[in-house]
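A.B. asks: Curious how this folds, go ahead:
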Amino acid sequence: MSILIVAILTFLAFAGNAYADDLTGKPLIIDGDTIEIAGERVRLHGIDAPESDQVCLRADASEYRCGEMATFALAAIIETHWITCKGETRDRYGRRIAVCYAGPYDINAKMVKQGWAVAYRKYSMDYVANEDDARTRKTGMWRGQFIAPWDWRKGVREFP
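C.D. replies: Prediction:
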C-alpha cells in the first residue's frame, strides 16, 4: 500500500511540474509584443512589433502610428480571453519569454500573420512562414513601408 502512495505522489509531483511553467490569466496589453499577467511581464517569443511611438508609411506615403496599431491588433486578438503563456526563459529586462495562446490559437503567430509584427530571426525562425504570408498578402504594415523595430530602437528613422 505504501508503494502505491509513493508512486501516486511521485506521479503528481512530475505532473504538477509539467504545468508549473505555464502562466495563465487575463492579460494587460503593454504594446504589440508585451503583455502582463498577474504582475508578470511577458515578451512574446520569436516576434518583434513596432515600438509604441513608431510610425510607418501607408501605400500613399502618409504616416501612421504603426506601433499603436500593433498594440490595438494584439488587444483585438486577445479580446476578453484568458490566455496561457508557455516558457520560462527571461530576457535581460527580466521579462518572461513565452509563446502565448488564446484557446488553441498561437497569439505570437497571429500577430505576425496579420502583419503587425515580424519574425524576430535573431532569436527564432518559428514565425518566418507567417511573415512571408503577411508580406505576400500585403497585410498590416506590409501595405506600405516600415522600419524594422530593432532598427527603430537603434535610432534609424529614415524609410528605405
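
A.B. asks: Dihedrals phi and psi, the nearest residue to residue 30 once chain neighbours are set aside?
C.D. replies: Nearest non-adjacent residue to residue 30, counting by Cβ to Cβ, 6 or more residues apart in numbering: residue 36, 5.9 Å away. For glycine as for every other residue, the C-beta is placed from the backbone atoms N, C-alpha and C. Per-residue torsions, residue 36: phi -140, psi 130 (degrees, to the nearest 10).

A.B. asks: which residues touch residue 36?
C.D. replies: 27, 28, 30, 42 (Cβ atoms under 8 Å, 6 or more residues apart in numbering).

A.B. asks: how about the last one, secondary structure?
C.D. replies: It stands for residue 42. strand (DSSP: H, G, I helix; E, B strand; the rest coil).

A.B. asks: Would you mind giving me the confidence score for the residue nearest to the spatial centre of the chain?
C.D. replies: The centroid of the chain falls nearest to residue 44 when counting by Cα atoms, centre = their mean (2.9 Å). pLDDT, residue 44: 98.

A.B. asks: Touching, it and residue 98? I think so.
C.D. replies: Yes - look at residue 44 against residue 98 with Cβ atoms under 8 Å: they come within range, at 7.1 Å.

A.B. asks: residues in contact with residue 99?
C.D. replies: Taking Cβ under 8 Å, 6+ apart as the criterion, residue 99 is in contact with 44, 45, 46, 85, 86, 87, 106, 107, 108.

A.B. asks: quick check, distance from whichever strand or helix holds it to the centre of its chain.
C.D. replies: Taking DSSP states H and E as the definition, residue 99 sits inside strand 96-102. Centroid separation between strand 96-102 and its chain, computed with Cα atoms, centre = their mean, to the nearest Å, is 7 Å.

A.B. asks: Quick check: neighbours of the following helix or strand past it in the sheet, parallel or antiparallel?
C.D. replies: The helix or strand immediately downstream of strand 96-102 is strand 105-106, counting by DSSP H and E. If you go by DSSP bridges, strand 105-106 pairs up with strand 96-102 (antiparallel).
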